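Chemist: sequence unknown, structure follows:
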């Protein structure tokens with residue numbers, strides 16, 4: 001079944017307004033937009049189909065805002081988004097056209113990328129799904145091989161709107177900007193950023209931070225929140241970063257302890 005069609009069939013579009021509701025309205029027609037009510041204010045949970053639809057609408061709207069941040073949408077950015085549609089989401093022909101329409105509409109609508117991020121945070125409680133949106137924004141920003149100041153400003157500011165730890169910018173920048181191996185004291189800080197903890201935490205607190213982050217990206221948990229099986233690669237990439245961060249920190253602590261005991 002069509003992702004977008006399933007979500008609308010579940011009636012989610014009639015439940016909330018804001019930028020995501022407006023984007024849905026622009027997709028199915030202006031008459032749909034009248035009478036939208038905010039889902040988050042009513043405390044109505046999204047089902048799986050609804051979560052998938054909200055994810056698609058919010059994601060492609062925010063990708064459009066990011067792609068246009070430097071003044072123009074480059075061929076590299078369009079290609080990256082097209083590859084994502086075909087290789088990761090594997091949308092059917094109907095949903096592919098609708099996702100492109102949502103993307104095109106968002107390039108010139110009245111809302112900012114931060115408006116979309118704030119409402120997405122309200123509707124999608126799962127942190128892993130919000131981090132994945134942020135990861136894709138980073139991918140688009142680096143699609144042309146450089147980070148434009150306007151893109152960097154968004155990537156630094158939007159974690160707060162998405163409800164993410166501010167350190168995620170450094171963690172993603174080291175990954176996408178090819179910051180190199182994190183073995184120095186400064187490099188280790190980047191690994192702590194991935195786990196969202198500070199270098200002064202105890203070994204027990206470090207392990208708890210690792211387990212908390214790993215639990216967020218467990219494949220079963222991601223799937224239950226509305227993401228398709230094909231999208232698990234992004235969760236797997238994040239899990240690798242989490243595991244590498246933890247293993248690197250543990251190894252560094254063991255080396256430091258051995259030196260101190262010598």
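Modeler: Sure, I can see it. Just so it is clear, the structure is predicted and the values come from calculations on it, not from any experiment.
Chemist: just give me the neighbour total for residue 256.
Modeler: Residues lying near residue 256 (other Cβ atoms under 10 Å) number 10. The way it works is simple: take the backbone N, C-alpha and C, and place the C-beta from them, glycine included.
Chemist: and it, how far is that from residue 171?
Modeler: Separation of residue 256 from residue 171 (Cβ to Cβ, to the nearest Å): 22 Å.
Chemist: buried residues, the helix or strand encompassing residue 232. List them.
Modeler: In this assignment (DSSP states H and E), residue 232 forms part of helix 232-261. For helix 232-261, the neighbour count (16 or more other Cβ atoms under 10 Å) marks 232, 234-235, 238-239, 241-242, 245-246, 248-249, 252 as buried.
Chemist: any figure for the gap between residue 166 and residue 155?
Modeler: 11 Å.
Chemist: which one of those two is surrounded by more residues?
Modeler: residue 155 (22 against 12).
Chemist: residue contacts, that one?
Modeler: Neighbouring residues of residue 155 by Cβ atoms under 8 Å, 6 or more residues apart in numbering: 134, 137-138, 141, 147, 169, 172-173.
Chemist: ok, residue 176 next?
Modeler: Per Cβ under 8 Å, 6+ apart, neighbours of residue 176: 138-139, 141-142.
Chemist: how far away is residue 258 from residue 252?
Modeler: 11 Å.
Chemist: could you report the neighbour count for the closest residue to residue 252 other than its chain neighbours?
Modeler: Excluding its sequence neighbours, the residue lying closest to residue 252 (Cβ to Cβ, 6 or more residues apart in numbering) is residue 188, at 5.7 Å. Residues within reach of residue 188, counting by other Cβ under 10 Å, total 17.
Chemist: and for residue 91?
Modeler: Around residue 91 there are 21 other residues, counting by other Cβ under 10 Å.
Chemist: any idea how far the nearest residue to it once chain neighbours are set aside is from residue 101?
Modeler: Using Cβ to Cβ, 6+ apart and skipping the chain neighbours, the partner closest in space to residue 91 is residue 85 (5.6 Å). Note on residue 85: its distance to residue 101, by Cβ to Cβ, is 12 Å.
Chemist: any common contacting residues for these two?
Modeler: Joint contacts of residue 85 and residue 101 (Cβ under 8 Å, 6+ apart) do not exist.
Chemist: please tell me I have it right and the residue nearest to residue 252 contacts residue 199.
Modeler: Yes. With contact defined as Cβ atoms under 8 Å, residue 188 reaches residue 199; the gap is 6.9 Å.
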